[in-house]
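Chemist: Have a look; sequence and predicted model below, questions after that.
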Amino acid sequence: MSTRSDGNMRFGTRQVSRRSLLKLVGIGVSAVAVAPLVAACAPPPSPTAAPAPPPKPAAVAPTTAPAPAPTQPAPTAAPKPAGAINVKYLTWLLAEKGRDENIRTVIKQYHDAQTKYQIEEVVFPFSEFDTKIFTQAAAGKIDGDAMNWQPSTGVRLMVAGHFAPMDPVIDKLGIRAKLEPGIANFFLRDGKYWALPTLGAPWGVMFNKELFQQAGLTRPAEAPEEYLEYARKLTKKPNQFGHACRTTLAERFGFFIDLSDWVVGLEGTWVDGKKIMVNSEKTLKAVNYYKQLYDEAIPQGATGSDYRRMNAEGKIAQVIEPAVFVATLKRANLEHYEKKLGGAAVPFKPKHRKLVGPTFAGVVDKSTQKDGAYDFWNFFHKPDIWSAMAQRAGDLFEPWKGAINQEYIKTLQWAPGFLAGEGVLLDSLYGDYILNANEIQQITLTHVSAVLTAGKKPEEALAAAQKELEEAAKGWQTVTK
């Protein structure tokens, strides 16, 4: 596989053998599955190096929160027109309650709008999806036309040449200049986009306006030091806390995401290409902030479920969360949602860099119905169709700038802050070692845990993590080889 350096992950066009693909995707050999970003908002899977199928997802939906159950009956598929061409749509989204009905509404609209193509649903539960697709890929062909995938899944299949470019869709929609580089560019290679972000969740700050008012705070924090100052001022243990986050290895993936909020915000990364950056100045600064929050402002030992319940009870003053958990709070305490909930950008001005957890859409390269797949995705992402789908679901994610109806956003007083700033994929923080994300998480957090709970100095802990990771990386496979 040829290599190149253009600021993105490198890949080439050399054919990948079945054995190489098996190594790449982790079937039958040592590999790990990278759990999708938003799934980590609930208790995460903890895969080991053993070649097991992806674990069953946690209670929270693997991509975005389930859409609220519609009040109307679920749509039925339009009758297949005589002579219509089948287009196979591979996804797990149609196995998710709420999300399934919403997307089937779009499929029905597509069938009503034209008679040339008929969508054939090929649905695997999320817990089985990667294994099914990787097995097909290793056999030489993915049996589908249009397809969804998570970033860590897609990059493995992309480097093996299983996707067709999505540029025809992007150009027909006229959105090339509106794509957010930190998200869409994860699949930008050789000047082509091999995927289009389609669903997901941006991160922002949920804050309690009542607690802010009681503390004399008139606006949300905009910078890290200010956020830390607010957190201290808003903490009144044991019943009120100025921040909440995960800090235990039992919730490793969630812990890693919550810490990565600060690494991303401070414009750092865990790995840059093949260079381990765990003990960089920016990462050290992030761990120092995390340590201070741990010592002074959070409910120590609380799980994600614990502190989200506490948030709904009015005990958490501010927390960095994905937008999907606004719906969780709304269901738990409608009065809090209507009267107390505030929303803001993450406290890292001027860029307000934040994590974003997207699902991508694309076309299978060996599809026999590429034209049909492109036609479906063109319709799916038409501004009126896509925006209406997002609004029905209660989603707050923009695959490109201006994708969501602005009048809808005005009805969500907490929303603008979540849409502000630059989005960054967690998967991009692993550099060329994305296949070893779990090892990076485990080694890094083991040493950070010693900072939080054993009094180890951050610089010493991160230096030890850096050394351990550099040694481990000598045996890691990268996407560049």
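Modeler: Cool, got the structure.

Chemist: C-alpha from now on. contacts and neighbour counts both.
Modeler: Will do.

Chemist: ok, which stretches of the stretch 351-481 of the chain are helices?
Modeler: 370-380, 383-393, 406-410, 415-419, 437-454, 458-473 (DSSP state H, counting those that start in this stretch).

Chemist: quick one: which of those helices is nearest residue 177?
Modeler: For the helices of the stretch 351-481 of the chain, the distance to residue 177 is smallest for helix 383-393, at 15.3 Å, taking C-alpha to C-alpha.

Chemist: about what we covered before: now render the helices of the stretch 351-481 of the chain as a markdown table, adding mean neighbour count, distance to residue 292 and mean pLDDT.
Modeler: Output for the helices of the stretch 351-481 of the chain, formatted as a markdown table (neighbours: other C-alpha atoms under 10 Å; distance: least, C-alpha to C-alpha, whole Å; pLDDT from 0 to 100):
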| stretch | mean neighbour count | distance to residue 292 | mean pLDDT |
| --- | --- | --- | --- |
| helix 370-380 | 20 | 46 | 98 |
| helix 383-393 | 18 | 37 | 92 |
| helix 406-410 | 12 | 35 | 89 |
| helix 415-419 | 20 | 25 | 93 |
| helix 437-454 | 19 | 9 | 97 |
| helix 458-473 | 18 | 11 | 98 |
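
Chemist: the longest strand in the protein is where?
Modeler: Scanning the chain for the strand with the most residues, using DSSP state E, yields strand 196-208.

Chemist: which helices and strands sit right next to it?
Modeler: With contacts defined as 3 or more C-alpha pairs under 8 Å, 6 or more residues apart in numbering; DSSP states H and E, strand 196-208 has these neighbours: helix 181-184, strand 318-322, strand 341-344, strand 354-364, helix 415-419.

Chemist: Tabulate the ones you listed (JSON lines), appending distance to residue 237.
Modeler: Formatted as JSON lines, the helices and strands packed on strand 196-208 follow (distance: least, C-alpha to C-alpha, whole Å):
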{"stretch": "helix 181-184", "distance to residue 237": "38"}
{"stretch": "strand 318-322", "distance to residue 237": "15"}
{"stretch": "strand 341-344", "distance to residue 237": "21"}
{"stretch": "strand 354-364", "distance to residue 237": "28"}
{"stretch": "helix 415-419", "distance to residue 237": "28"}
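
Chemist: quick one: the residue positioned nearest the centre of the chain from residue 473, how far?
Modeler: With distances taken as C-alpha atoms, centre = their mean, residue 357 lies nearest the centre of the chain, 1.7 Å away. The gap separating residue 357 from residue 473 is 26 Å, by C-alpha to C-alpha, to the nearest Å.

Chemist: swap in residue 240?
Modeler: Counting by C-alpha to C-alpha, the gap from residue 240 to residue 473 is 42 Å.

Chemist: can you check residue 400 too?
Modeler: 35 Å.

Chemist: Same check on residue 448?
Modeler: 19 Å.

Chemist: Now do the strands in this structure.
Modeler: Under DSSP E, the chain gives strands at 85-91, 117-123, 146-149, 163-164, 188-189, 192-193, 196-208, 271-272, 275-276, 318-322, 341-344, 354-364, 423-424.

Chemist: Output those strands as CSV; include the columns mean pLDDT and distance to residue 282.
Modeler: Converted to CSV, those look like this (pLDDT from 0 to 100; distance: least, C-alpha to C-alpha, whole Å):
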stretch, mean pLDDT, distance to residue 282
strand 85-91, 97, 38
strand 117-123, 97, 42
strand 146-149, 97, 31
strand 163-164, 98, 35
strand 188-189, 93, 26
strand 192-193, 97, 30
strand 196-208, 95, 20
strand 271-272, 96, 12
strand 275-276, 98, 13
strand 318-322, 97, 19
strand 341-344, 97, 23
strand 354-364, 96, 15
strand 423-424, 93, 16
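
Chemist: In a markdown table, list those along with distance to residue 387.
Modeler: Compiled in a markdown table, the strands of the chain are given as follows (distance: least, C-alpha to C-alpha, whole Å):
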| stretch | distance to residue 387 |
| --- | --- |
| strand 85-91 | 20 |
| strand 117-123 | 21 |
| strand 146-149 | 18 |
| strand 163-164 | 25 |
| strand 188-189 | 24 |
| strand 192-193 | 22 |
| strand 196-208 | 11 |
| strand 271-272 | 35 |
| strand 275-276 | 40 |
| strand 318-322 | 19 |
| strand 341-344 | 21 |
| strand 354-364 | 16 |
| strand 423-424 | 19 |
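
Chemist: For residue 468, which of those is the nearest?
Modeler: Closest among the strands of the chain, once you apply C-alpha to C-alpha, is strand 275-276, at 10.2 Å.

Chemist: CA atoms only for stretch 235-242 - export them in PDB, please.
Modeler: Taking C-alpha atoms only, stretch 235-242 is exported to PDB below (Å, rounded to 0.1, in the frame of the first residue of the first chain):
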ATOM      1  CA  THR A 235     -19.600  22.800  44.300                       C
ATOM      2  CA  LYS A 236     -21.400  22.300  47.600                       C
ATOM      3  CA  LYS A 237     -20.600  18.700  48.600                       C
ATOM      4  CA  PRO A 238     -22.200  16.300  49.100                       C
ATOM      5  CA  ASN A 239     -25.300  17.400  47.300                       C
ATOM      6  CA  GLN A 240     -24.200  19.700  44.600                       C
ATOM      7  CA  PHE A 241     -21.200  19.500  42.200                       C
ATOM      8  CA  GLY A 242     -19.700  22.000  39.700                       C
END
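
Chemist: switch to numbering from 44
Modeler: Let's use 44 as the start, then, which means that last one is stretch 278-285.

Chemist: buried ones in that stretch?
Modeler: 278, 283, 284, 285 (16 or more other C-alpha atoms under 10 Å).

Chemist: just stretch 376-396 next, same as before
Modeler: Buried-residue list, stretch 376-396, by 16+ other C-alpha under 10 Å: 376, 379-380, 383-391, 394-396.

Chemist: List just the nearest of those residues to residue 233.
Modeler: Closest to residue 233, out of all of the buried residues of stretch 376-396 and judged by C-alpha to C-alpha, is residue 396, at 25.7 Å.

Chemist: measure the closest one to residue 250 for me?
Modeler: Taking C-alpha to C-alpha, one finds residue 396 at 18 Å from residue 250.

Chemist: hang on, the earlier thing: ok, which of the helices and strands packed on strand 239-251 comes nearest residue 245?
Modeler: strand 397-407 (4.5 Å).

Chemist: give me every residue that touches residue 376.
Modeler: For residue 376, the contact set (C-alpha atoms under 8 Å, 6 or more residues apart in numbering) comprises 355, 356.

Chemist: give me phi/psi at it?
Modeler: phi -160, psi 90 (degrees, to the nearest 10).

Chemist: would TSV of the buried residues of stretch 278-285 with distance to residue 229 be doable?
Modeler: Shown next, in TSV, are the buried residues of stretch 278-285 (distance: C-alpha to C-alpha, whole Å):
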residue	distance to residue 229
278	39
283	39
284	36
285	34
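
Chemist: From the residues you listed, pick the one nearest residue 475.
Modeler: residue 285 (36.3 Å).
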